[in-house]
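J.: Quick one, structure for this:
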Amino acid sequence: MTDAPWTGDASSLVEAFRSGERSPAEEMEATIEAAEGTALNCFSHLDAEQALAKASLADVSKPFGGVPLGVKELDHYAGWPATQASLLYADEMATDTSINVARTEERGGAVPFGLTTASEFGGLNVSNTRLNGITGNAWNADATPGGSSGGSATAVAAGICALATGGDGGGSIRIPAAFCGLPGLKTTAGRIPRGPNASVHPMTVVNGVLARSVRDLARHLDVASGYDPADPYSLPRRDGWEANLGSYGEAMRGRRAVIAPDLGVATVNPEVARRVREAGEALAADAGLELVDVPVELPGLGLEWAMGNLCHLRHELGDDWRDKLAELTAATAFGLEMADSAMDLDTMGAAEAARTRANATLAALFDQVDFIISATNPDTAFPARLEVNTRVAGEKVDLGNNGALTIPYNIVGNPAVTIPIEQLDGLPVGMQVATRHHAEELLLDLAATAESQCPWPLVAPGAPV
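T.: Residues are numbered from 1 along each chain as shown. As a prediction, the model looks like this:
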């Protein structure tokens, strides 16, 4: 009998299934028990009966065969709630399954067992909602796991499940991954299809997973990437993500990198900046990169990003949207009112012009360097009780600053990976590495190099599961 969930990565769990060391059914029982008992409030729905039935029939020959899969509640899974983490949709049920989830289950063999908490409509980098309450961080239950994939990140870091789906529209994989001590990959836009029925505009959102190891991230790309007609902007399939992991060593040597902890746009804790610079220098030495001194000053794009997403939400809520404000979180309601008063043709034009400038800025930088190394978050995880852009006992979280390091790569579509590095005051710090479009394999190789040289805890020490 398995007493507690697996605390290694998903790939090693599959190996344990294949060797007979563990069974998918017993693993699922332990996972559901941990999910039901956790004090971190990282699940909004559990389907134990269906999950146990599917686990008993799992095909462990598949890449993630039998691995329990947490599903971000902003994804769809047919027959499960489709709340968008909002009271407004508390009674909605999904009639379809998101492509990323479907491929991870059908091609990969993973077994969905429940929905992980997220921020309302994915709009904030915290996972506090009126529907679900406050989600805590596996490293410190009083700290936020970030958002919007906060429930997925803390469930993986807490040792409840080794794999959970996520999405990144402004940092929503990388921010919680970094806050929870996990690696996290934001792919080139279109690498993993969105949908079915996903909105195209503003083309900032990508799908992925929260996982404990780099090989799990690579394996997931083998399972979930590739064109689907439901997403007209999805990219053609490429194979060999996991098989080729670690094979780019010689090709990496001599490539140029710049370390800019604040990207010239964020206010970063000096101790976080120091750790990023030291870790970046170590990674460059280990991978044979040439560090260069190139000015990095990315434009602030938080407003443009927020406005683009709020336009879609405003349309979805309909003409009576003002009557629904009382059911929304304060930050979402404020954003909608601001967008309604501020958005017009001139504002929309200015937002697109800002996006064009951002693209030109990053294109010029990647003409000079192959990699840009920065912090992932300006600081470690802030108190979970804090609402973004609100003040409690003199403390304030600035939404614009907290996403300033991740949002540019969503606006322009470049891939970026966060890598766990030296902790600060007992909380994880993430180092972000970004590169040119379509070169995720290089980021995975760099992350694997860092993982081999400075392994990170696969689960949070003493996680309050």
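
J.: give the contact list for the residue positioned nearest the centre of the chain.
T.: Centre of the chain computed as the mean C-alpha position; nearest residue by C-alpha atoms, centre = their mean is residue 173, 0.9 Å away. Contacts for residue 173 were tallied using C-beta atoms under 8 Å, 6 or more residues apart in numbering; they are 149, 166-167, 184-186, 206, 208, 210. Using the backbone N, CA and C atoms, a C-beta is placed for each residue, glycine as well.

J.: Highest neighbour count among these?
T.: When neighbours are counted as other C-beta atoms under 10 Å, the busiest of those turns out to be residue 149, with 40 neighbours.

J.: excluding its backbone neighbours, what's nearest that one?
T.: residue 166 (3.6 Å; C-beta to C-beta, 6 or more residues apart in numbering).

J.: sorry, back to before: farthest-separated two in the contacts of residue 173?
T.: Taking C-beta to C-beta as the measure, those span a maximum distance of 13.5 Å, between 206 and 210.

J.: Can you tell me the SS state at the residue nearest to residue 89 when sequence neighbours are not counted?
T.: In this structure, residue 89 finds its nearest non-sequential neighbour in residue 83, 4.8 Å apart by C-beta to C-beta, 6+ apart. Under DSSP: H, G, I helix; E, B strand; the rest coil, residue 83 falls in the coil class.

J.: Burial check on residue 83, number of neighbours?
T.: 24.

J.: What of residue 197?
T.: 10.

J.: let's number from 157 now, not from 1
T.: Sounds good: first residue 157 from here, last item residue 353.

J.: Nearest spatial neighbour of it, chain-adjacent residues omitted?
T.: residue 252 (7.1 Å).

J.: Surely that neighbour is in a helix?
T.: No: Residue 252 is assigned coil when assessed by three-state DSSP, not a helix.

J.: Give me the below-cutoff pLDDT ranges for this structure.
T.: 157, 458-461, 464, 543-552, 555, 620-621 (pLDDT under 70).

J.: need the contact list for residue 359.
T.: Residue 359 touches 345, 389, 569, counting by C-beta under 8 Å, 6+ apart.

J.: And what about it, helix, strand or coil?
T.: Applying three-state DSSP: residue 359 is coil.

J.: wait, what's in contact with residue 419?
T.: 452-454, 528, 530, 560-561, 564.

J.: Based on its surroundings, how many neighbours for residue 467?
T.: 18.

J.: I'd like to know how far it sits from residue 473.
T.: 11 Å (C-beta to C-beta, to the nearest Å).

J.: Next, residue 287: secondary structure please.
T.: Per three-state DSSP, residue 287 ends up coil.

J.: From residue 230, how far out is the residue lying closest to it once chain neighbours are set aside?
T.: Once flanking residues are discounted, residue 287 sits nearest to residue 243: 5.1 Å by C-beta to C-beta, 6+ apart. Distance, residue 243 to residue 230, by C-beta to C-beta: 15 Å.
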